[in-house]
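Asks: Prediction below, plus the sequence it came from.
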Amino acid sequence: MKPAVTRLNTRRNESGCALAARLPALHDGELDAAAAAEVQAHLDGCEACRQEARALLRMRELLRHEPLPHVALPSGAQMATRILEQEAARAPEPEHWLRSAWRPGLALAAVALVAALIRTPTTEVPAPPPSQAPAVEASLPALVVMDDEQTGRQVLMAPAAE
């Protein structure tokens with residue numbers, strides 16, 4: 001069963017009818033019932049489309065009575081032989097150095113490098129014991145966050161001496 005054709009094509013006949021594109025589908029039985037009825041109704045009132053429809057029917061009848069041409073196609077075995085001969089005749093491509101025997105070794109080296117980078121532990125500097133920690137001198141003034149009136153930003157400043 002052929003699929004129903006319902007869309008309009010943009011092809012027009014000499015009279016400019018847009019339905020001319022549906023004429024071959026009508027004669028081939030590809031239109032659904034509603035579209036076929038629409039084209040038949042159009043043919044009743046359009047002489048140019050009727051003439052084109054008659055010409056399509058004549059061509060269809062002529063083609064129906066013509067014998068099919070004989071085409072000598074090769075057998076499957078002949079085609080397989082032909083393909084194998086063409087493949088054998090094809091010159092091999094020169095190998096690029098990355099496609100040669102080095103490729104697996106380079107891939108292995110890259111994987112080993114990534115694994116080494118991932119597994120390398122980070123070195124942390126241990127904090128000195130409290131007895132060895134540097135003493136903060138009590139004489140250093142504490143810093144205070146203050147608003148700078150000129151820039152509108154906050155700055156660290158030593159408090160004014162009292």
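Replies: Arrived safely.
Asks: As a check, name the ranges of all strands in this structure.
Replies: Counting by DSSP state E, the segments of the chain that form strands are 144-147, 154-157.
Asks: how about those, which one is nearest residue 85?
Replies: strand 154-157 (84.7 Å; CB to CB). (C-beta placed from N, C-alpha, C; glycine too.)
Asks: Dump the strands of the chain into CSV; add distance to residue 80 as well.
Replies: Compiled in CSV, these are given as follows (distance: least, CB to CB, whole Å):
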stretch, distance to residue 80
strand 144-147, 86
strand 154-157, 84
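Asks: could these be laid out in JSON lines, adding mean neighbour count and mean pLDDT?
Replies: As requested, the strands of the chain are exported to JSON lines (neighbours: other CB atoms under 10 Å; pLDDT from 0 to 100):
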{"stretch": "strand 144-147", "mean neighbour count": "10", "mean pLDDT": "76"}
{"stretch": "strand 154-157", "mean neighbour count": "10", "mean pLDDT": "76"}
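Asks: So which of these is nearest residue 72?
Replies: Comparing the strands of the chain by CB to CB, strand 154-157 comes nearest, at 93.8 Å.
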